[in-house]
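**Student:** What shape does this take:
(chains A and B)
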Amino acid sequence: MIKRQKKILQLLDTSGERLHRLLARLTRREDVVGDLLQELFIRLWNSKTFDKAEDPFAYAYRAAINLAFEWRRKQKITCCQPLQENCPAASDSSSALGKMIRAEELEQVLNATSKLTDLARDVVVMRYIEQDSYEEIAERLGKKPQYMRALCAKAMAQLRELLTSEK
Amino acid sequence: MSEIDEKEIKRRFESISNFEPSSEVSARDLKQVRRRLSRHMSGQQPREKKIWRIIMKSRMTKLAAAAMIVLAVVFSMTIFNKSMPTAYAIEQTIEAMRKVNTVNLLGTMVDGGQLEIWIKVNPETGENDYIYLDCPQLRGLQSPNEAYFYDKKANVVKHLKGGNHLRFDVRFGRFIEDMFDVAKSINGEVDIDFEYDTGGAKQVILLAIKLDESTLECKVDPETKLPMSMNMKFNGPPQSGQLGQSFDEIYYDLPLPEGIFEFEIPEGAEVIEEIVEQ
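**Tutor:** Numbering: from 1, shown residues only, chains lettered A, B, ... in the order given. Take a look at the predicted model:
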């Protein structure tokens, strides 16, 4: 039990910051990250499969992505009326309206990402948000880099379709 | 319907990846998660907040305005409540305290600031071998032969070599014994009673040492025989120089956070070296 405690606390000490940042990016909410990080580590503590994981960080990393998208799904989704494309304030990123639109665009892409399969979603997050290389992603997920590249391309096409249909 | 191309999607992802939580938020969250996780793993749940107080002593007063004064009070022991619901042997608490290796105290300062203390107890002597203290004004670290005190506002670190500079009036590893030693040399009273603790939803042992101007209360968990809290109640205002900490929660034998007793000089801080003769 003590060994397990040490393993989890060590993971928090070595990778807590990175996991915290990942959760912050996926939720885009600093105020909820602390609670989610706590939830993540309590889940790890209660998880039997975590003990069998060869790479505890990789396991925690995927669990964090899962948790963040789970959180997103629980949030009340508000639909916005699309703006006319020639609205001048919309293209001005420094205006309040422009900032709101940019923020909404980021929410849209994250919500679309949540509709991908778990594996595709994880790969997209690792590649485009965490900017990991295909080799790093492949190693973390125990797959081949070429497969990761192909999966990313396919996911991107799906995202394009999802976002276009939303517009 | 307008198309969103891959470039636009990548641009959006890049904006998301540029988001960095502030270092303060990150540090605060990590600290809090560690604390809560440690408690969760050891099966200890936080109790309801109460006003616990204790006085500490330190020689850090020259650096930090907030001085800690010694609990220079000694009592004589009188157990006057003869109708206790069950027998309670003080030796049980003494014995339980001897097995403690680490103590984590969480409290609130007189000014409302939060206080966190970690102590590593020497099992042989019961002395507080290593002490880590963090509050809004300062951070302190005491190891057997040196101490660091960091005045956060002035950005000054005082590095004191030799001796103990930060210490409690009582050794946490010998808390009850020390309390009773103190009790022997002053004409005070120690009451032993039972009280229902609403936070823990159970009956607890209450030790109270009464003085002219203050009362020190110590609640003891009847299961573990370990003190749950210590509460210094003053009849008047706190004495000059007293930090007057109130400890909200006390935990024992939690795993120590990694590097908790390693002091890192903050960036740009002035360091004052001092050798202290004992």
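**Student:** which regions of chain A lie under the pLDDT threshold?
**Tutor:** A:1, A:76-98, A:166-167 (pLDDT under 70).
**Student:** and if you look at the stretch 101-250 of chain B?
**Tutor:** For the stretch 101-250 of chain B, the ranges with pLDDT under 70 are B:108-113, B:163-190, B:198-201, B:211-214, B:232-248.
**Student:** of all of it, which residue lies closest to chain A?
**Tutor:** Chain A sits closest to B:Asn101 of the stretch 101-250 of chain B, with a gap of 11.9 Å, by Cβ to the nearest Cβ. In short, each C-beta sits where N, CA and C put it, glycine included.
**Student:** List the contacts of that residue.
**Tutor:** B:Lys120, B:Val121, B:Pro123, B:Asp253 (Cβ atoms under 8 Å, 6 or more residues apart in numbering or on different chains).
**Student:** which strands and helices sit next to the helix or strand where A:Lys3 lies?
**Tutor:** A:Lys3 belongs to helix A:2-27 when assigned by DSSP states H and E. Under the contact definition 3 or more Cβ pairs under 8 Å, 6 or more residues apart in numbering or on different chains; DSSP states H and E, helix A:2-27 sits against helix A:30-46, helix A:56-74, helix B:6-17, helix B:23-41.
**Student:** That one: which residues count as buried?
**Tutor:** A:5, A:8-9, A:11-12, A:15-17, A:19-27 (16 or more other Cβ atoms under 10 Å in any protein chain shown).
**Student:** Determine the angle, from 0 to 180 degrees, between it and helix B:23-41.
**Tutor:** 140 degrees (axes from the mean of the first three to the mean of the last three Cα atoms, to 10 degrees).
**Student:** Helix A:2-27 to helix B:6-17, inter-axis angle?
**Tutor:** 130 degrees.
**Student:** now the helices: where do they sit in the stretch 151-278 of chain B?
**Tutor:** Applying DSSP state H, counting those that start in this stretch to the stretch 151-278 of chain B gives helices spanning B:175-184.
**Student:** Tell me how far the residue of the stretch 101-250 of chain B closest to chain A lies from B:Val121.
**Tutor:** To B:Val121, B:Asn101 is 6 Å away according to Cβ to Cβ, to the nearest Å.
**Student:** My guess is A:Ala53 contacts A:Tyr61. True?
**Tutor:** No - using Cβ atoms under 8 Å, A:Ala53 is not in contact with A:Tyr61; the gap is 10.6 Å.
**Student:** neighbour-wise, which of those two wins?
**Tutor:** A:Tyr61 (23 against 15; other Cβ atoms under 10 Å in any protein chain shown).
**Student:** Same question for stretch B:13-33: list its buried residues.
**Tutor:** Those would be B:Phe13, B:Ser15, B:Ile16, B:Ser17, B:Pro21, B:Val25, B:Ser26, B:Asp29, B:Leu30, B:Val33, for stretch B:13-33 by 16+ other Cβ under 10 Å.
**Student:** What would that stretch look like as PDB? C-alpha coordinates only.
**Tutor:** Extracted C-alpha coordinates of stretch B:13-33, given in PDB (Å, rounded to 0.1, in the frame of the first residue of the first chain):
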ATOM      1  CA  PHE B  13      -5.600  24.000 -31.800                       C
ATOM      2  CA  GLU B  14      -2.500  26.100 -31.700                       C
ATOM      3  CA  SER B  15      -4.500  28.800 -29.800                       C
ATOM      4  CA  ILE B  16      -5.600  26.200 -27.300                       C
ATOM      5  CA  SER B  17      -2.100  24.900 -26.900                       C
ATOM      6  CA  ASN B  18      -0.900  28.400 -26.200                       C
ATOM      7  CA  PHE B  19      -3.000  28.500 -23.100                       C
ATOM      8  CA  GLU B  20      -0.900  28.200 -19.900                       C
ATOM      9  CA  PRO B  21      -2.400  28.300 -16.500                       C
ATOM     10  CA  SER B  22      -0.600  30.900 -14.300                       C
ATOM     11  CA  SER B  23       2.200  29.500 -12.200                       C
ATOM     12  CA  GLU B  24       0.500  30.600  -9.000                       C
ATOM     13  CA  VAL B  25      -2.700  28.700  -9.900                       C
ATOM     14  CA  SER B  26      -0.700  25.700 -10.900                       C
ATOM     15  CA  ALA B  27       1.400  25.700  -7.700                       C
ATOM     16  CA  ARG B  28      -1.700  26.200  -5.500                       C
ATOM     17  CA  ASP B  29      -3.600  23.500  -7.200                       C
ATOM     18  CA  LEU B  30      -0.800  21.000  -7.100                       C
ATOM     19  CA  LYS B  31      -0.200  21.700  -3.400                       C
ATOM     20  CA  GLN B  32      -3.900  21.300  -2.600                       C
ATOM     21  CA  VAL B  33      -4.200  18.100  -4.600                       C
END
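**Student:** Give me the contact list for that stretch.
**Tutor:** Taking Cβ under 8 Å, 6+ apart as the rule, stretch B:13-33 contacts A:12, A:16-17, A:20-21, A:24-26, A:28, A:30, A:33-34, A:37-38, A:41, A:102, A:106, A:109-110, A:124, A:128-131.
**Student:** repeat that with 6 Å
**Tutor:** A:16-17, A:20, A:24-25, A:30, A:33-34, A:37-38, A:106, A:128-129, A:131 (Cβ atoms under 6 Å, 6 or more residues apart in numbering or on different chains).
**Student:** hmm, who's touching the helix or strand where A:Leu162 lies?
**Tutor:** Under the criterion of DSSP H and E, A:Leu162 resides in helix A:145-166. Around helix A:145-166, the neighbours that count as contacts under Cβ under 6 Å, 6+ apart are A:112, A:115-116, A:120, A:123-124, A:127, A:134-135, A:137-138, B:3-4, B:6, B:9.
**Student:** what's the burial count for the closest residue to chain A within the stretch 151-278 of chain B?
**Tutor:** In the stretch 151-278 of chain B, the residue that lies nearest chain A is B:Glu258 (4.6 Å; Cβ to the nearest Cβ). Residues lying near B:Glu258 (other Cβ under 10 Å) number 13.
**Student:** what do you get for the one 5 residues further on?
**Tutor:** Using other Cβ under 10 Å, B:Phe263 has 20 neighbouring residues.
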